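**Q** Take a look and give me a structure for this.
(chains A and B)
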Amino acid sequence: MTGQAVVIAVVQLALLIFVAPLLIGVIRQVRARLEGRVGPGVWQPWRDLRKLLGKNPVHAEGSSWILTVGPLALVLSSLLLCVLLPLVGALNAPMIPSDLFVIVSVMLLGVVALALVGLDAGTAFGGMGSSRHMTVAALVEPTVLLAIYALSIPAGTSTLSVIVGARLRDPAIIISPVSVLAMVALAIAIMAETGRLPVDNPSTHLELTMMHEAMVLEASGRDLAWLEVGSWLKLAALLGLLGNLVAPWGIVTDMTLWSVLLGIVAVTAKILLLGVMLSVGEVFLAKVRLFRVPELLAGSFTLALLAVTASYLVA
Amino acid sequence: MTAVTAGLLAQGMLALIAAVLAFSVPPRVRSVVGGTLCALTAGAGVITGALVLVGGHGNVTLVLALPVDPLILASSRLGGLFMVVISAVGVLVSVYGIRYAHGAAASRTSWAALAAFLLGMQLVPAAGNSLTFLLMWETMAAASTVLLLADHAHRHQVSSAAIWYSAMSQLSFLLLLAGFGVLGAAGVTTFSASGASVSTTPAAGLAFVLLIIGFGSKAGLVPVHVWLPRAHPQAPSHISAAMSAAMVSVGAYGALLVCTRLLPGGPPWWGVLLMVFGGVSAVYGILQASVTSNIKVLLAHSTTENMGLVFLAVGASVLLRSYHATAAADAALLAALLLLISHALFKATLFLGAGAIQHATGEIDLDRLGGLLRRMPWTAATFGVAALAAAALPVTSGFVAEWTLLQALIHGSRLGGTPVAVVVSVAMPLAVAVVALTAGLALLTFVKSYGIAFLARPRTAQPAATEVPIGMRIPMVLGALAVLAVGVLPGPVAEMAASVLPATRAPFLHTIGLGGISIPSIGVVLDPAALVVLAAAIAVPVAMIVRILSRRHPTRMTALPWGGGGSRARPRMQYTATSYAEPLVRVFDDVLKPSRDVQVTHAGESRYLVERVQVEQRMADVVETRLYRPVLNAAQRFGVLARHAQNGRIQQYLAYSFVALLVVLVVVAV
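**A** Okay, here's the model as predicted:
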């Protein structure tokens, strides 16, 4: 079992490293087409990465080694997410902890690394981005943990591979009110956590409205490349998780070559499909004012709380 | 005489020697002698507690000439665990104090008071009856007041803080006295006899409420927390560390003593009361911490938060036990113990780090700090590790504790697949939400305190801050290492804590893998070491790629930071701790009630040209202004009224005595 889990982990890692830039390319391309532009093509993020990795970073005066290590910590946290989440396969191996609380905290390590990078250069923009980023992260946390609680109720555990497995065996769980409410809450939380519209505008160039972009303002060259890869991987992994929770079919539960290939295709399709939906949705959304964001998050928190309480009424 | 008995006596002897020597040795060597002996006193506490934990027994009975109960010191596993934790903090603090203490904090009185303070704290968990308990408790409270007052000659805030502190300590003491009194009347006189049979009587309920508020005040819970943010910044840093990491744990010990030994098996409303008390404190504490810019005040509020979580966990365990969900109840109690251990370790390290910052720069206001990472690498590293634990991130002790609490809560509401009770079904989700909000805000608070103090550029001109001497670094490094050790290999510590639980059903907790924990009764597993191994396995290829890239492009350039296309970005233009928390202040406007004052000075006649803008923001403690102000004002008014009766005229006083005499005669005659 352990050997198989390691194989799945390596496959997930390789797949996500390939898919994450592609996902961003697809999202940007779909958006460009919907806005009537030609767009740079889906492979542009790969070209950007190659360019950035080949450049020398320029450091701001007075910054410390955090500016070099922070981006790597973010990448590491995102790569760990890719290993820990059940994306291609949902095998339950003791070696790889798949507990949801552990996974969330690993993700938060990346959040913290990014916030520290934003503060390190000592500019007003970096601090502003970092402050807003952490405020949103603090307010998202209750939603995320309550949604996890709601998801854990039918399976009786917070181990993600078991939760996905239970959904695969009994699809009625997926459309139960508990699950639907929890999934909506989780989706909003993921949008906020990954800096998508309507919480943050990933393509803004106006410093005053930036969150993520303001934090990476002082990063350049390969430091910037790592920061971008880290954020992309996180988005791809979380979309993959969402996809597998909504439609767990295709995920590997018994290890054969064909099932692994099927798992790869299935999860790639789910991630890209969700990416297209995200992109289409974002065309019709405007970024909400920063001080309206808490209202949105309070709404998602209420949904999560309803999900948990509903589980006692329905079940 | 057993080893434990010897250990208990040794602590008393060493503390006595420390106090005597502090008064007699010359000032030159006073700190070295005082610190060493205090460290030895605390070391004896660690050893004694450890002996009790591995199964040792021992007790000391001292019959007094007064017509009261004898003084009894008796070992118990719960007490042993607390003795180890408190004394471990004591060792760090004493060693740190050798180099840190100067001026008034290194006086004869201060060193002698530290010895008494440590002894009091270490022996409260060993107390075998209420008299001993209260005596040790009062030793601890009085000695800490003396320590707090060390610097009163130079700063007037110190005496104000000390007045608040002693008023709250005495209030807490009176509540405890009343609580133990009621308990004694209900039939629970010694700590070895369990009062399970009386737990449901109204008297037990009254005793419970009195004791919990009394202990809650020492643990810094809302609304009896007001002394904490006053006392911690005014005391010398090693004393703040001892108060915040060890003394509040004594308060939590009291709550555990009541809930597990004196009055086990309480009704559900006890659990609900504890959970509300703890939950409100946790959220309120961390909210205050997140908007504060003074490091020590921030850490003090964070103590309120952590103790709130401990009380929440204890409350959850009482509630669950009353509905017979024993597995989850035990897990919640384990979480409370782990939270306490973890809090003691990281809070001591954080306060010692704050002391190092103060020592090096003379500042504790985050808004005036910055860029310390390069100048104080050791402090930065240890403070960073402890801050990660305070934010409950892996792989630190804080994460293990919070994970256990969350698992206990989500597994608590169902017993064999069916909901336990409506109260539980409502309480558990709300508790998870409180823990999550607290964790989120703690994340922001500690990113803020670390990022603003250690990163970026100095916000004010500081004359060359340098790293603190090695004598102060060692305790900080030890604290940080302990935080990491418990975080990576929680197994042994968790097993030790589990052995303390009352009526442990055989193997409640297993150690798995290298040092992971597994609680089979609720089916949860955590192995942080596996996470570390996994991260290392991924880090190796990443590091190789980084190395190849940096070989290919070795030079790094330095340039000005982006100033918005305008001039050079000056250090004053950086975000400060206050601005960092500004969005949060807006979000929690209703709770924090900030008062803001903006003054704009215009240049010349123009409305559009601004010469200077002055912004002032004050954050009043709502509980204090709404609850304490009216009470204090009423006391003041009563005092003014009472002055009429006490006006110094002899005739009037003679009339009072005459009336009093008459009353006595009438009463006697009837």
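
**Q** For the stretch 401-550 of chain B, give me the ranges with low pLDDT.
**A** Scanning the stretch 401-550 of chain B for pLDDT under 70 picks out the ranges B:415-417, B:462-463, B:502-507.

**Q** I'd like the distance from the helix or strand containing residue B:45 to the chain centre, please.
**A** In this structure, residue B:45 is located in helix B:27-53 according to DSSP states H and E. Put simply, helix B:27-53 sits 21 Å off its chain's centre (CA atoms, centre = their mean, to the nearest Å).

**Q** same thing with stretch B:278-296?
**A** 12 Å.

**Q** Taking the stretch 151-300 of chain A, what residue is nearest to chain B?
**A** Distances between the stretch 151-300 of chain A and chain B by CB to the nearest CB are smallest at residue A:294, namely 4.8 Å. From N, CA and C alone the C-beta is placed, and that goes for glycine too.

**Q** what's downstream of the helix holding residue B:45, the next helix or strand?
**A** strand B:59-62.

**Q** Which other helices and strands does the following helix or strand past that following strand contact?
**A** Past strand B:59-62, further along toward the C-terminus, the next helix or strand under DSSP H and E is strand B:71-74. Applying 3 or more CB pairs under 8 Å, 6 or more residues apart in numbering or on different chains; DSSP states H and E, we find strand B:71-74 packed against strand B:59-62, helix B:130-148.

**Q** hmm, back to that, now the helix holding residue B:45: buried residues?
**A** Neighbour-count burial for helix B:27-53, counted by 16 or more other CB atoms under 10 Å in any protein chain shown, picks out B:30-31, B:33-53.

**Q** now the residue nearest to residue B:508 when sequence neighbours are not counted: how far from residue A:167?
**A** Closest residue to residue B:508 apart from its sequence neighbours, by CB to CB, 6 or more residues apart in numbering or on different chains: residue B:498 at 5.2 Å. Residue B:498 sits 33 Å away from residue A:167, going by CB to CB, to the nearest Å.

**Q** Neighbour count: these two, which is higher?
**A** residue A:167 (24 against 21; other CB atoms under 10 Å in any protein chain shown).

**Q** Just confirm yes or no for stretch A:46-64 near chain B.
**A** Yes. Using CB under 8 Å from any CB of the partner chain, we find that stretch A:46-64 touches chain B at A:53, A:54, A:55, A:56, A:57, A:58, A:59, A:60, A:61, A:62, A:63, A:64.

**Q** Show the average pLDDT along that stretch.
**A** Here stretch A:46-64 scores 87 as its mean pLDDT.

**Q** Which residues does that stretch contact?
**A** Applying CB atoms under 8 Å, 6 or more residues apart in numbering or on different chains, the contact partners of stretch A:46-64 are A:21-22, A:25, A:67-68, A:120-123, A:218-225, A:228-229, B:371, B:373-374, B:455-457, B:549, B:552-553, B:555-562, B:571.

**Q** number of nearby residues for residue A:231?
**A** Around residue A:231 there are 22 residues (other CB under 10 Å).

**Q** Report how many residues lie close to residue B:466.
**A** By other CB under 10 Å, neighbour count at residue B:466 equals 11.

**Q** Can you report phi and psi for it?
**A** Main-chain dihedrals, residue B:466, degrees, to the nearest 10: phi -130, psi 170.

**Q** Show the contacting residues for residue B:51.
**A** B:3, B:4, B:7, B:80.

**Q** and the residue of chain A found nearest chain B, what does it touch?
**A** Using CB to the nearest CB, the single residue of chain A nearest to chain B is residue A:127, 2.4 Å away. Applying CB under 8 Å, 6+ apart to residue A:127 gives the contacts A:118, A:119, B:456, B:574, B:575, B:579, B:580.

**Q** Which of the residues you listed fall within helices?
**A** A:118, A:119, B:579, B:580 (DSSP state H).

**Q** ranking those by neighbours, who comes first?
**A** Most surrounded of the ones in helices among the contacts of residue A:127: other CB under 10 Å gives residue A:118, at 34 neighbours.

**Q** mind checking pLDDT for it?
**A** 90.

**Q** of the ones in helices among the contacts of residue A:127, closest to residue A:138?
**A** Nearest to residue A:138 out of the ones in helices among the contacts of residue A:127 is residue B:580 (CB to CB; 11.9 Å).

**Q** Count the neighbours of the closest residue to residue B:15 other than its chain neighbours for me.
**A** Distances taken as CB to CB, 6+ apart put residue B:119 closest to residue B:15, at 3.9 Å, once the chain neighbours are dropped. Here the number of neighbours of residue B:119 (other CB under 10 Å) works out to 27.

**Q** And residue B:119, which helix or strand is it part of?
**A** Per DSSP H and E: helix B:108-123 holds residue B:119.

**Q** same thing with residue B:410?
**A** helix B:397-412.

**Q** does chain A sit close to that helix?
**A** Yes. Remark: helix B:397-412 sits within contact range of chain A at B:399, B:403, B:406, B:407, B:410, by CB under 8 Å from any CB.

**Q** Only the buried subset of the residues you listed, as a PyMOL command please.
**A** Of the residues of helix B:397-412 next to chain A, the buried ones go into a single PyMOL selection, burial set by 16+ other CB under 10 Å:
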select buried, chain B and resi 399+403+406+407+410
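
**Q** Any chance of the residues of helix B:397-412 next to chain A in CSV with distance to residue A:263 as columns?
**A** As requested, the residues of helix B:397-412 next to chain A are arranged in CSV below (distance: CB to CB, whole Å):
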residue, distance to residue A:263
B:399, 31
B:403, 29
B:406, 30
B:407, 29
B:410, 29
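
**Q** Which pair of the residues of helix B:397-412 next to chain A spans the longest distance?
**A** B:399 and B:410 (16.2 Å).

**Q** Which one of the residues in the stretch 1-150 of chain B is closest to chain A?
**A** residue B:85 (24.0 Å).

**Q** which parts of the stretch 201-315 of chain A sit against chain B?
**A** Close to chain B, as judged by CB under 8 Å from any CB, the stretch 201-315 of chain A has residues A:207, A:217-218, A:221-222, A:290-291, A:294, A:301, A:305, A:308-309, A:312, A:315.

**Q** Swap in 7 Å and give it another go.
**A** Within the stretch 201-315 of chain A, the residues that sit near chain B (CB under 7 Å from any CB of the partner chain) are A:207, A:217, A:218, A:222, A:290, A:291, A:294, A:305, A:308, A:309, A:312.

**Q** if I look at the residue nearest to the fifth one when sequence neighbours are not counted, how far off is residue B:477?
**A** Counting by CB to CB, 6+ apart, residue A:290 lies nearest to residue A:132, which is 6.2 Å off, once chain neighbours are set aside. Here residue A:132 is placed at a distance of 34 Å from residue B:477 (CB to CB).
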